[in-house]
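Colleague: What follows is a protein structure lacking sequence information:
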Ligand code: FES
């Protein structure tokens, strides 16, 4: 095996202590992407561009088997995601099964398709936590991004219902150049909805967001302003005794060192796609690696033995500058999906790293963000039609 990794510190050769023999822990966090179907069409969706090619979905029993195997491997937290997981008619059954197995369960939803009755049913089935995602703090931007005129009102209604039914209130706002300047209004909306936790997550560039990076990446000034305002609100709200937690996530495009993606490849995180592909991260499906399917192997074989999960464990795969870098234990070379998307070689260092020979790609993207004219008409929306066009185009190109 070859590969990528993290930055070098400019000191030659002597590789630090990270073992070249792959070691790994347990998959503590299991993410069940129940379906790729979704009524919304956000242009920053992290689903694969060619999601329309994967129509098969695991059955209820197959999912329950996966959850059981996950528990036996040590998984404690289970996220139901998609697509929109509410599309699955067996969601209550899946929640009940997972809850009985002892998972802490989390529904990650747009709120579209949810209602009071379903929410109560999920609670009865043992659901611990609902995270509702918003596109914006006002209806027009929300509609422009989600592609649905009804979504904003429905989200507000469901967010209030989450609170009324006693779930922890977790709201997620993906921020980008079209909504980040309204961060004060976003925070005020969260306060109004009595949120307990708010993720103000600046868009990360995977899946559809890569297609739309030009229209999504904020300028440094926008980002710094948003962070400053968030900090001011944090202080103000804490002083007023409001326990709301505001979590601000910056895009790694404005960092000089890459993130320790997924806390390390195949270390704690396991995703299963609607059709049963097991992945070490939600984006890995696009990599030129053969990943196993839960219908063909047990989760234990997948986690411990499959080449896909072992590919980036340890440091044997690293090439320079990562191999001799004294920071490689901090970030494991950054994000392999990002390295692949931007440089065409997943074994390269994540270009976010200023030590990467490809870091200029990130600098260029930042520079471009300063000159772009906002134009929502340029968005490529995440929908089946566009997915099929992109999938066909990539076949023609290859
Ligand atoms: Fe796949 Fe970072 S998202 S390694």
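Modeller: That came in fine, so what should we check first? Bear in mind the structure is a predicted one, so any value in this text is a computation, not a measurement.

Colleague: Could you use CA atoms for every contact and neighbour count after this?
Modeller: Noted.

Colleague: Given the host helix or strand of residue 106, what are its sheet partners and their directions?
Modeller: Here residue 106 sits within strand 104-109, counting by DSSP states H and E. Paired neighbours of strand 104-109 in the sheet (DSSP bridges): strand 77-81 (parallel), strand 129-134 (parallel).

Colleague: need those in a markdown table with distance to the ligand, mean pLDDT and mean neighbour count, can you?
Modeller: A markdown table is the format used below for the strands paired with strand 104-109 (distance: least, Cα to the nearest ligand atom, whole Å; pLDDT from 0 to 100; neighbours: other Cα atoms under 10 Å):
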| stretch | distance to the ligand | mean pLDDT | mean neighbour count |
| --- | --- | --- | --- |
| strand 77-81 | 16 | 97 | 22 |
| strand 129-134 | 20 | 93 | 22 |
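
Colleague: Same list (those) but as a markdown table, adding distance to residue 120.
Modeller: Shown next, in a markdown table, are the strands paired with strand 104-109 (distance: least, Cα to Cα, whole Å):
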| stretch | distance to residue 120 |
| --- | --- |
| strand 77-81 | 17 |
| strand 129-134 | 12 |
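
Colleague: quick one: the helices in the stretch 251-398 of the chain?
Modeller: 299-305, 307-310, 328-331, 336-343, 359-371, 384-397 (DSSP state H, counting those that start in this stretch).

Colleague: again, but for the stretch 1-150 of the chain
Modeller: Going by DSSP H, counting those that start in this stretch, the stretch 1-150 of the chain shows helices at 60-73, 91-100, 116-125, 139-146.

Colleague: Dump these to a markdown table, plus distance to the ligand, mean neighbour count and mean pLDDT.
Modeller: Formatted as a markdown table, these follow (distance: least, Cα to the nearest ligand atom, whole Å; neighbours: other Cα atoms under 10 Å; pLDDT from 0 to 100):
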| stretch | distance to the ligand | mean neighbour count | mean pLDDT |
| --- | --- | --- | --- |
| helix 60-73 | 20 | 18 | 98 |
| helix 91-100 | 26 | 20 | 98 |
| helix 116-125 | 30 | 16 | 96 |
| helix 139-146 | 23 | 18 | 85 |
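
Colleague: sorry, back to before: tell me which of the strands paired with strand 104-109 lies nearest to residue 261.
Modeller: Set against residue 261 and scored by Cα to Cα, the strands paired with strand 104-109 come closest in strand 77-81, at 18.0 Å.

Colleague: could you give the angle of that closest one to helix 60-73?
Modeller: Calculated by axes from the mean of the first three to the mean of the last three Cα atoms, to 10 degrees, strand 77-81 forms an angle of 150 degrees with helix 60-73.

Colleague: Off-centre distance for strand 77-81?
Modeller: 12 Å (Cα atoms, centre = their mean, to the nearest Å).

Colleague: Which positions in this structure make contact with the ligand?
Modeller: Contacts of the chain with the ligand, taken as Cα under 6 Å from any ligand atom, map to 261, 281, 283-284, 335-337.

Colleague: Of the residues you listed, which is the nearest to residue 302?
Modeller: Using Cα to Cα, the residues of the chain next to the ligand come closest to residue 302 at residue 281, 13.6 Å.

Colleague: my guess is that closest one meets residue 262, correct?
Modeller: Yes - Residue 281 lies in contact with residue 262 (Cα atoms under 8 Å); the separation is 6.6 Å.

Colleague: overlap in contacts of these two?
Modeller: Applying Cα atoms under 8 Å, 6 or more residues apart in numbering, one finds that residue 281 and residue 262 are jointly contacted by residue 269.

Colleague: who's more crowded, these two?
Modeller: residue 281 (21 against 17; other Cα atoms under 10 Å).

Colleague: Residue 124: what's it in contact with?
Modeller: With contact set as Cα under 8 Å, 6+ apart, residue 124 has no partners.

Colleague: Repeat that for the one 4 residues further on.
Modeller: Taking Cα under 8 Å, 6+ apart as the definition of contact, the neighbours of residue 128 are 104-106, 167.

Colleague: For it, give its distance to the ligand.
Modeller: In this view, residue 128 and the ligand are 26 Å apart by Cα to the nearest ligand atom, to the nearest Å.

Colleague: May I see the helices of the stretch 251-398 of the chain arranged in a markdown table, with mean pLDDT and mean neighbour count as well?
Modeller: Compiled in a markdown table, the helices of the stretch 251-398 of the chain are given as follows (pLDDT from 0 to 100; neighbours: other Cα atoms under 10 Å):
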| stretch | mean pLDDT | mean neighbour count |
| --- | --- | --- |
| helix 299-305 | 97 | 18 |
| helix 307-310 | 96 | 20 |
| helix 328-331 | 92 | 20 |
| helix 336-343 | 96 | 22 |
| helix 359-371 | 97 | 15 |
| helix 384-397 | 81 | 13 |
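
Colleague: could you dump those helices to TSV with distance to residue 274?
Modeller: As requested, the helices of the stretch 251-398 of the chain are exported to TSV (distance: least, Cα to Cα, whole Å):
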stretch	distance to residue 274
helix 299-305	15
helix 307-310	18
helix 328-331	29
helix 336-343	20
helix 359-371	32
helix 384-397	15
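
Colleague: Report the buried residues of the lengthiest helix in the chain.
Modeller: The longest helix of the chain (DSSP state H) is helix 220-239. With burial defined by 16 or more other Cα atoms under 10 Å, the residues of helix 220-239 counted as buried are 223, 226-227, 229-230, 233-234, 237.

Colleague: Which helix or strand lies directly C-terminal to it?
Modeller: Counting by DSSP H and E, the element after helix 220-239 in chain order, helix or strand, is strand 245-249.

Colleague: contacting residues around the closest residue to residue 41 other than its chain neighbours?
Modeller: In this structure, residue 41 finds its nearest non-sequential neighbour in residue 382, 4.5 Å apart by Cα to Cα, 6 or more residues apart in numbering. Going by Cα under 8 Å, 6+ apart, residue 382 touches 40-45, 49, 208.
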